[in-house]
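**Q** could you work out the structure for the sequence below:
(one chain, ligands or ions: 1)
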Amino acid sequence: MENIKGKVVVITGASSGLGEATARMLSAQGATVVLGARRIERLQKLVDELTSSGGKALALVTDVTDHNRVKSLVDAAVQKYGRIDVMINNAGLMPHSPLERLKIDDWNRTIDVNIKGVLYGIAAALPHMKQQKAGHIINVSSVAGHKVTPNGAVYCATKHAVRALSEGLRGEVKPYNIRATIISPGAVATELPNSITEADVSAGVHKFYADFAIPADSFARAVVFAMSQPDDVDINEILFRPTSQVL
Ligand SMILES: NC(=O)c1ccc[n+]([C@@H]2O[C@H](COP(=O)([O-])OP(=O)(O)OC[C@H]3O[C@@H](n4cnc5c(N)ncnc54)[C@H](OP(=O)(O)O)[C@@H]3O)[C@@H](O)[C@H]2O)c1
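**A** The predicted structure is shown next:
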């Protein structure tokens, strides 16, 4: 719990899955959470739950493909709570399909959310963190950022990109005392497989998740581990899988 209490943490994609579980765990440990996603009613329900337990939380409707909305989310955190300690670029989707099916809309959405959304999060947080001379940017990659699988070419490309961006960022922000962490989960039980638009691929991935996925608090614990290190320790990457997952 050390180094969590009192921190102001912005989380994108907090309306379900990993982001939601992380908001709950960090709030329970005394962090202030500022939550962004498109489904504001789900975010607001979570904020109500956290604040009624004594936590500090704020929700803003945020589409991470819109740079201005991501900036507004981070600026709102700074305006209301005075600073941003941690930016968790978590929003993402995984519409797997074989390349030959030419799902170009899916490709574009995946690139826009999984890569540009992360870049916009960095762009929104970095000026504040530079000024503070402190901060921590946590980007969510995946096992798919380490391995490439059939049907997953575009998703894997975006998750490789997240790792490249994060490592580039890490090297650049030393003068500002900013930490950069990549978290790369294996199969975790969330709504992620619902973003698959091809019925046959969806069935296969849902079965894989039903057989292997672990609860979302596995990810939240990894966030807590990275955040709770002393300020001079930068956890650069955490790669974890369900114990039963081979891939
Ligand atoms: N679950 C896994 O097995 C797994 C493994 C490795 C990596 N990941 C990564 O973990 C991250 C979180 O995914 P999850 O597993 O928690 O899936 P999830 O339950 O489907 O959550 C995805 C989140 O992203 C948000 N989102 C999607 N498009 C968005 C947009 N345009 N603007 C803002 N928010 C958007 C969704 O909110 P709205 O729809 O309300 O906007 C939702 O809150 C993703 O980056 C994913 O690639 C997950």
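
**Q** for stretch 44-62, list every residue counted as buried.
**A** Within stretch 44-62, the residues scored as buried using 16 or more other C-beta atoms under 10 Å are 46-47, 50, 55-62. Heads up, the C-betas are built off the backbone N, CA and C, glycines and all.

**Q** would you mind giving those residues as JSON lines with distance to Pro215, secondary structure and pLDDT added?
**A** Formatted as JSON lines, these follow (distance: C-beta to C-beta, whole Å; DSSP: H, G, I helix; E, B strand; the rest coil; pLDDT from 0 to 100):
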{"residue": "Leu46", "distance to Pro215": "17", "secondary structure": "helix", "pLDDT": "98"}
{"residue": "Val47", "distance to Pro215": "22", "secondary structure": "helix", "pLDDT": "98"}
{"residue": "Leu50", "distance to Pro215": "19", "secondary structure": "helix", "pLDDT": "98"}
{"residue": "Gly55", "distance to Pro215": "21", "secondary structure": "coil", "pLDDT": "98"}
{"residue": "Lys56", "distance to Pro215": "25", "secondary structure": "strand", "pLDDT": "98"}
{"residue": "Ala57", "distance to Pro215": "21", "secondary structure": "strand", "pLDDT": "98"}
{"residue": "Leu58", "distance to Pro215": "26", "secondary structure": "strand", "pLDDT": "98"}
{"residue": "Ala59", "distance to Pro215": "23", "secondary structure": "strand", "pLDDT": "98"}
{"residue": "Leu60", "distance to Pro215": "27", "secondary structure": "strand", "pLDDT": "98"}
{"residue": "Val61", "distance to Pro215": "27", "secondary structure": "strand", "pLDDT": "98"}
{"residue": "Thr62", "distance to Pro215": "25", "secondary structure": "coil", "pLDDT": "98"}
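
**Q** of those, closest to Gln245?
**A** Leu46 (28.1 Å; C-beta to C-beta).

**Q** which one of the buried residues of stretch 44-62 is nearest the ligand?
**A** The shortest approach to the ligand among the buried residues of stretch 44-62 belongs to Thr62, at 5.5 Å (C-beta to the nearest ligand atom).

**Q** ok, now how distant is that closest one from Arg38?
**A** Thr62 sits 7 Å away from Arg38, going by C-beta to C-beta, to the nearest Å.

**Q** likewise for Ala216?
**A** Counting by C-beta to C-beta, the gap from Ala216 to Arg38 is 19 Å.

**Q** tell me which of those two has more neighbours.
**A** Ala216 (21 against 15; other C-beta atoms under 10 Å).

**Q** could you pull up the contacting residues of that one?
**A** Residues in contact with Ala216 (C-beta atoms under 8 Å, 6 or more residues apart in numbering) are 17-18, 20-21, 188-190.

**Q** can you tell me which of those has the most neighbours?
**A** Result: Leu18 is most packed of these (other C-beta under 10 Å), 28 neighbours.

**Q** tell me how far the residue nearest to it when sequence neighbours are not counted lies from Ile238.
**A** Of all residues not flanking Leu18 in the chain, Phe219 sits nearest, at 4.4 Å (C-beta to C-beta, 6 or more residues apart in numbering). Phe219 sits at a distance of 9 Å from Ile238 (criterion: C-beta to C-beta).

**Q** report pLDDT for the nearest residue to Ala14 once chain neighbours are set aside.
**A** Using C-beta to C-beta, 6+ apart and skipping the chain neighbours, the partner closest in space to Ala14 is Leu35 (3.7 Å). We note a pLDDT of 98 for Leu35 in this prediction.

**Q** which residues of this structure score low on pLDDT?
**A** 1 (pLDDT under 70).

**Q** how about the residues of it by the ligand?
**A** 12-19, 37-39, 62-65, 90-94, 113, 140, 142, 185, 187-188, 190-192 (C-beta under 6 Å from any ligand atom).

**Q** so which of the contacts of Ala216 is the closest to Pro98?
**A** Thr190 (23.2 Å).

**Q** I'd assumed Gly19 was in contact with the closest one.
**A** No - at 9.0 Å, Thr190 does not count as touching Gly19 under the criterion of C-beta atoms under 8 Å.
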